[in-house]
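> Would you be able to build a 3D model of this:
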Amino acid sequence: MVQLTPLFINGERKLSAVPFDVINPASSLVVGQSANASSEDCQAAVNAAASAFKTWEHSTDSERRAIFLKAAELIATDKYKNMVNEAIQSETAAQESWCILNYTVAGHILRTCAGLVGQLKGEILPSVVPGAKLEVHRRAIGVMQVLCYFFMLLVLFCPLSLSIAPWNAPLILSLRAVAIPLICGNTVVLKSSEYSPRSQAIVFELLHEAGLPPGVLNYISVSRKDAPARTAELIAHPAVRKVTFTGSDRVGRIIAVEAAKHLKPCIFELGGKAPVIVLNDADVSAAARAITTGAFTYSGQVCMSSERVIVQANIAPRLVAAVRDLAKDLEGKLGPLFNEGSAENVVSMVKESLNGGAELLLGDLTRQRGVVQPHLVKLAYKGSDTGKGLRVWEQESFGPGNNISYHSEKPQTLITLFTVLVFVTVDTVDDAVELANASEYSLTAAVWANDVYAAQGVAARVRAGFVNINGSTIHTESYWLVWLWAF
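Next up, the predicted model:
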């Protein structure tokens, strides 16, 4: 009998009359069921958060810090490590290393947020009125909604938050979505992805065991069919003051429209098409390893995955050969994408690029259920029109691959590696920066060069949330992880 994941409202377990199935993407077998929140359940979750806010807002910094530090201790125990491993592997078919990353980073997030309570301070400013002064205080704003499809966002000082978090790093992204609001004295309704309800419910269980009072964090899950209606109802609730969401730009637009109807602010993270700029003096071996890791970790299902490699012409042949060799070594070793539709989308993007004149350098243009092997594609370089109209260059693939573009006096080509990476060869740094910024996405990036000062100058010109120098696009620091989303 499969495990049933309940809702958690006001500190209590809540089941539903008609649960929905959770399917393992590798085996296509039902591995669990989840309670499906009704309209009444959603209202109850928000009402519980609104009621709890009245007292949680006035809890002391030390009380909140103690809960977070206790949770950090708990996530390091065998009990929670086993829970995380079992849930994430079962629901998402992730490898054990990905599960380890989830509970390790979760501990970093909790300790980092515990330390941030020292930032919750005010200011005294001079007034234009003689003898008067201004006092500025940071206050919680209330209930926040955390939505999780592909989700991740945080909000500061908002009484009740609705947070929607995704399945791909279910523990990390769910915890990140609720941690900052909670440490600042807000209450939260966390909505899980329908693909990973058990994995994300661990966040509630962890914080509840650490001493978080009932109603401060409420957890709900909703079936794919009912999600649009329930999400709209949650956003519309008068007590919800802010919405956070990590996921696709398509769903982000829908949520933004709903929030705009009620003039409610949102925090969005809507994917990435991370560029890697490799300059002529870069360490080819190190860059190739980082690019391969950045492109294929968790089969490319990371919003910070390396997808476009823009390399100067003198070093391009060696870099492409090195990445190709490393990608070939991964054949047969990658796990499945989260569903077969995602795998089919990745394959169709590669085929589309070939129909647009690309040359296939690596890959078989097939999928085995949800598994897609690495692909490498070469595209013609056309300056600012490089890859124009091709999804492999313009849209997040969320699968194993990579795009590489080259520009030189000789015949110009662009290489795209999937499962999905794009290489572009350029002559000048200006060309490289132009192509790196030729995207609607701006989450992360990387620059590779032995001359670190030159790399810093290039990084400053790349429009991205952060740029790693001589590092992978998927590396981040726990402090940045919570601080950037909070502010």
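> make it CA atoms for all contacts and neighbour counts henceforth
Noted.
> Could I get the full set of helices for the stretch 1-150 of the chain?
With DSSP state H, counting those that start in this stretch as the criterion, the stretch 1-150 of the chain has helices at 39-56, 61-75, 78-92, 96-115.
> low pLDDT regions in the stretch 251-400 of the chain?
Low-confidence segments of the stretch 251-400 of the chain, defined by pLDDT under 70: 397-400.
> residues contacting L15?
L15 makes contact with P6, L7, A35, N36, according to Cα atoms under 8 Å, 6 or more residues apart in numbering.
> so who does I310 touch?
275-278, 404-406, 422-426, 432, 435-436.
> Hmm, G32 is touching P6, no?
No - the pair G32 / P6 is not scored as a contact, 11.2 Å apart, by Cα atoms under 8 Å.
> that older thread, list just the nearest of the contacts of L15 to Q95.
Within the contacts of L15, proximity to Q95 (Cα to Cα) peaks at P6, which comes in at 25.2 Å.
> And stretch 325-343, how far out from the chain middle?
Here the centre of mass of C-alpha atoms in stretch 325-343, compared against the chain's by Cα atoms, centre = their mean, to the nearest Å, lies 19 Å away.
> List the buried residues for that stretch?
By neighbour count, with 16 or more other Cα atoms under 10 Å as the criterion, the buried positions of stretch 325-343 are L326, A327, K328, L334, G335, P336, L337, F338, N339, E340, S342, A343.
> what comes into contact with that stretch?
25-26, 92-95, 288-289, 292, 296, 298-299, 301, 362, 367, 369-374, 398-399.
> For the stretch 301-450 of the chain, which segments count as strands?
Chain-ordered strands for the stretch 301-450 of the chain, with DSSP state E, counting those that start in this stretch as the definition, fall at 306-312, 359-362, 375-380, 401-405, 413-418, 421-426, 444-448.
> To F53, which of those lies closest?
Taking these one by one with Cα to Cα, strand 444-448 is closest: 34.8 Å.
> Parallel or antiparallel, which strands does that closest one pair with?
Using DSSP bridges, the neighbouring strands of strand 444-448 in the sheet come out as strand 274-278 (parallel), strand 466-469 (parallel).
> Now those in CSV, please, with extra columns for mean neighbour count.
Output for the strands paired with strand 444-448, formatted as CSV (neighbours: other Cα atoms under 10 Å):
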stretch, mean neighbour count
strand 274-278, 34
strand 466-469, 21
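> Including distance to R111, could those go into a markdown table?
Supplementary listing: the strands paired with strand 444-448 in a markdown table, determined by distance: least, Cα to Cα, whole Å:
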| stretch | distance to R111 |
| --- | --- |
| strand 274-278 | 28 |
| strand 466-469 | 22 |
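> Ok, which of those comes nearest L69?
In terms of Cα to Cα, the element of the strands paired with strand 444-448 nearest to L69 is strand 466-469, at 27.6 Å.
> roughly how far is the closest one from the heart of the chain?
Using Cα atoms, centre = their mean, the mean C-alpha position of strand 466-469 is found 17 Å from that of the whole chain.
> Name the residues that touch it?
With Cα under 8 Å, 6+ apart, strand 466-469 has contacts from 443-449, 452, 455-456, 459, 473, 475.
> Please pick the buried ones from these.
Among those, those buried by neighbour count (16+ other Cα under 10 Å) are L443, T444, A445, A446, V447, W448, A449, A455, Q456, A459, T473.
> Dig out what the fifth one forms beta bridges with.
According to DSSP bridges, I277, I469 are recorded as the beta-bridge partners of V447.
> Could you pull up the residues touching it?
Under the criterion of Cα under 8 Å, 6+ apart, the contact partners of V447 comprise V276, I277, V278, L279, A455, V458, A459, V467, N468, I469, N470, G471.
> Against I310, how distant is the third one?
Put plainly, it is V278. Here V278 is placed at a distance of 6 Å from I310 (Cα to Cα, to the nearest Å).
> Same check on the second one?
I277 sits at a distance of 5 Å from I310 (criterion: Cα to Cα).
> what residues are shared contacts of the two?
Taking Cα under 8 Å, 6+ apart as the contact rule, I277 and I310 both touch A432, A436.
> just to revisit the earlier point, from the contacts of stretch 325-343, keep the buried residues only.
Once neighbours are counted (16+ other Cα under 10 Å), the buried part of those comes down to 25-26, 92-94, 288-289, 292, 296, 298-299, 301, 362, 369-374, 398-399.
> How about P170, nearest residue that isn't a chain neighbour?
With Cα to Cα, 6 or more residues apart in numbering as the measure, Q200 is the residue that lies nearest to P170, at 5.5 Å, once sequence neighbours are left out.
> doesn't N168 make contact with that neighbour?
No - applying Cα under 8 Å as the test, Q200 and N168 come out as separate, 10.6 Å apart.
> Between these two, tell me which one has more neighbours.
It is Q200, of Q200 and N168, that has more neighbours when counted by other Cα atoms under 10 Å, with 32 against 24.
> out of the strands of the stretch 301-450 of the chain, nearest to G211?
With respect to G211, and counting by Cα to Cα, the nearest of the strands of the stretch 301-450 of the chain is strand 444-448 at 35.4 Å.
> Next secondary structure after that closest one?
Using DSSP states H and E, the helix or strand that directly follows strand 444-448 along the chain is helix 452-459.
> who does that following helix touch, helix- and strand-wise?
In this structure, helix 452-459 packs against strand 444-448, strand 466-469, with contacts taken as 3 or more Cα pairs under 8 Å, 6 or more residues apart in numbering; DSSP states H and E.
> right, and the helices of the stretch 1-150 of the chain - which one's nearest N218?
Going through these one by one, with Cα to Cα as the measure, helix 39-56 comes closest at 5.9 Å.
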